[in-house]
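J.: A predicted structure for the sequence below; I have some questions about it.
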Amino acid sequence: MKKIIIILIMALGTTISSLAQDKMMKEAPVKTIALEQIPGEFTQKQLTLNAGTYVFEISNKNVGHDVGFVLVPKGKDIADPDNHIQSAYVTKAVSDGMTQNSKPTILSKGEYYYFCPLNPTATDNVLMVK
């Protein structure tokens, strides 16, 4: 009986901890990261951020055609769309001279690569999250 009570207490503690963490993430401020694309590249090649929730604001600085944004955890195959962090996609292709945002994206500690397959840009732009 004591084992069952201990297991129930541990499960309840884990559930409460998880709910508290979810609430903190929802209440945490969403920060905007502005990135610019010019023909064939991002003007920012490397970023360092703290873990948190971000919206990516992508500007098309006279590329001459639509651009987009892809974010992939380091070590994952960038060619496989299943590895893309889809909330980081811009909500609409970014026309010449325009700016579009992604949805809020929760980033945890680690390294990520970002690129644009429409521009196309280098696939080794690094986003470090600490």
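T.: Arrived safely, thanks for sending.
J.: Doesn't residue 87 lie inside a helix?
T.: Yes. Counting by DSSP: H, G, I helix; E, B strand; the rest coil, residue 87 is part of a helix.
J.: That one contacts residue 103, doesn't it?
T.: Yes. Using CB atoms under 8 Å, residue 87 is in contact with residue 103, at 4.5 Å. Quick note: C-beta positions are derived from backbone N, CA and C, even for glycine.
J.: Mutual contacts of the two, please.
T.: Between them, residue 87 and residue 103 share no contacting residue under CB atoms under 8 Å, 6 or more residues apart in numbering.
J.: which residues touch stretch 62-70?
T.: With contact meaning CB under 8 Å, 6+ apart, stretch 62-70 is reached by 35, 37-39, 56, 58, 60, 78, 84, 88-90, 93-97, 102, 114-119.
J.: can you do 6 Å?
T.: 37, 39, 56, 58, 60, 84, 90, 93-95, 115-116, 118-119 (CB atoms under 6 Å, 6 or more residues apart in numbering).
J.: Please identify which pair of those residues lies farthest apart.
T.: Across those, the longest distance by CB to CB is 23.1 Å; it joins 39 and 84.
J.: Those two - which one has more neighbours?
T.: Higher neighbour count among residue 39 and residue 84: residue 84, with 18 against 12, using other CB atoms under 10 Å.
J.: contacting residues around the more buried one?
T.: 70, 72.
J.: got the buried residues for the host helix or strand of residue 112?
T.: Per DSSP states H and E: residue 112 is located in strand 110-115. Judged by neighbour count using 16 or more other CB atoms under 10 Å, the buried positions of strand 110-115 are 112, 113, 114, 115.
J.: So what are the sheet partners of it and their directions?
T.: For strand 110-115, the paired strands and their directions (DSSP bridges) are strand 70-73 (antiparallel), strand 125-129 (antiparallel).
J.: for these, which one ends up most surrounded?
T.: strand 70-73 (a mean of 20; mean count of other CB atoms under 10 Å).
J.: right, and the helix or strand after that strand?
T.: Next element after strand 70-73 (DSSP H and E): strand 99-101.
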